[in-house]
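A.B. asks: After the sequence you'll find the predicted model.
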Number of protein chains: 2
Amino acid sequence: MKPELSFIGNIETPYSTLKECPKNIQHDGPICQIKVYDEYREGLLGLVTGQTILILYWLGNTNKPVILRKTDNSNKTTGIFARRTPHRPNPIGVAMLPIHKIENGQITVRGLDCLNNTKLIDIKPAINNEADEIK
Amino acid sequence: MKPELSFIGNIETPYSTLKECPKNIQHDGPICQIKVYDEYREGLLGLVTGQTILILYWLGNTNKPVILRKTDNSNKTTGIFARRTPHRPNPIGVAMLPIHKIENGQITVRGLDCLNNTKLIDIKPAINNEADEIK
């Protein structure tokens, strides 16, 4: 049995095609909205503005991954795990960004690199010093 | 249809129970081996010692997530997305660590926080300045 994912929310960005998406996270990029579905909304309790979070999202609309590939501008061949292409065996994007604003089950950040309507998989604190972590 | 994941390798750590696992990544922690399955081995080409990578892995053996929870040492209630517990709607762990050694389809890093035999989901460069990224 393969492990399955459940989407927990939706991400709104200014990008409607992969060509428009920036190649990486841009800390001074445009505002993006992370909207957690109602049943998970309470899960945001405790996150605060300025706190750095890890955001995981499903890179939909991707192609079959190519394991070895020549890069476009050189003759160098690199493996898929040395590249950040969204066309991966498991197309999961990860961004580490500070919370710009948080209210009503919505988190605002700047500079995500994904398409509008990208599905959210997880949010967690990027650093956690709480001694009372559940394991 | 739910999005499915395929495991691409296996992670060896010194921890056989969740209680033994450190609560977070430890940069000076013990050696851990990341073994990519044979069919993905060429995908590591281009990664080098010292380079910082993002490692994604499936946190198996977890329980049903609790959305709101009082922390053990205080009366404060926090949401699941404000905690780093492995018991999450989508139990994916993320570590950002430098490559200690890389050879023969194996990457060695220090200080992962997961159980021995944790399944690998993805590896990608933590920072990528290549202008020739595939999008």
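C.D. replies: On my side now, so go ahead. Residues are numbered from 1 along each chain as shown, chains lettered A, B, ... in the order given.

A.B. asks: Would you mark the buried spots in stretch A:8-26?
C.D. replies: A:8-13, A:15, A:18, A:21-25 (16 or more other Cβ atoms under 10 Å in any protein chain shown). In short, each C-beta sits where N, CA and C put it, glycine included.

A.B. asks: again with stretch A:25-43
C.D. replies: So, applying 16+ other Cβ under 10 Å, buried residues of stretch A:25-43: A:Ile25, A:Gly29, A:Cys32, A:Gln33, A:Ile34, A:Val36, A:Tyr40, A:Arg41, A:Gly43.

A.B. asks: before we move on, what SS does the last one have?
C.D. replies: So that's A:Gly43. Here A:Gly43 takes the helix state, with states given by DSSP: H, G, I helix; E, B strand; the rest coil.

A.B. asks: ok, it - contacts?
C.D. replies: By Cβ atoms under 8 Å, 6 or more residues apart in numbering or on different chains, the contact list for A:Gly43 reads A:Ile8, A:Val36, B:Ile67, B:Leu68, B:Gly79, B:Ile80, B:Phe81, B:Ala82.

A.B. asks: Over to the fifth one?
C.D. replies: In this structure, A:Ile34 makes contact with A:Gly9, A:Asn10, A:Ile11, A:Glu12, A:Ile55, A:Gln106, A:Ile107, A:Thr108, A:Val109, A:Leu120, A:Ile123, judged by Cβ under 8 Å, 6+ apart.

A.B. asks: Can you tell me what sits against the helix or strand of chain A with the lowest mean pLDDT?
C.D. replies: Between all helices and strands in chain A, the lowest mean by mean pLDDT, DSSP states H and E belongs to strand A:68-70, at a mean of 90. Applying Cβ under 8 Å, 6+ apart, the contact partners of strand A:68-70 are A:Lys76, A:Thr77, A:Thr78, A:Gly79, A:Ile80, A:Arg83, B:Glu42, B:Gly43, B:Leu45, B:Ile134.

A.B. asks: Go ahead and build a PyMOL selection from the buried members of the residues you listed.
C.D. replies: Of the contacts of strand A:68-70, the buried ones go into a single PyMOL selection, burial set by 16+ other Cβ under 10 Å:
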select buried, (chain A and resi 78+79+80+83) or (chain B and resi 42+43+45+134)
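
A.B. asks: Tell me where the model's unsure across chain A.
C.D. replies: Residue ranges of chain A with pLDDT under 70: A:1, A:128-135.

A.B. asks: Tabulate the contacts of A:Ile34 (TSV), appending secondary structure.
C.D. replies: Converted to TSV, the contacts of A:Ile34 look like this (three-state DSSP):
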residue	secondary structure
A:Gly9	strand
A:Asn10	strand
A:Ile11	strand
A:Glu12	strand
A:Ile55	strand
A:Gln106	strand
A:Ile107	strand
A:Thr108	strand
A:Val109	strand
A:Leu120	strand
A:Ile123	strand
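
A.B. asks: Out of those, flag the one nearest to chain B.
C.D. replies: A:Ile123 (4.2 Å; Cβ to the nearest Cβ).

A.B. asks: right, and that closest one touches B:Phe81 too?
C.D. replies: Yes. Counting by Cβ atoms under 8 Å, B:Phe81 is a contact partner of A:Ile123 at 4.2 Å.

A.B. asks: Same drill for those two, tell me which one is more crowded.
C.D. replies: Neighbour count, other Cβ atoms under 10 Å in any protein chain shown: between A:Ile123 and B:Phe81, B:Phe81 has more, with 29 against 25.
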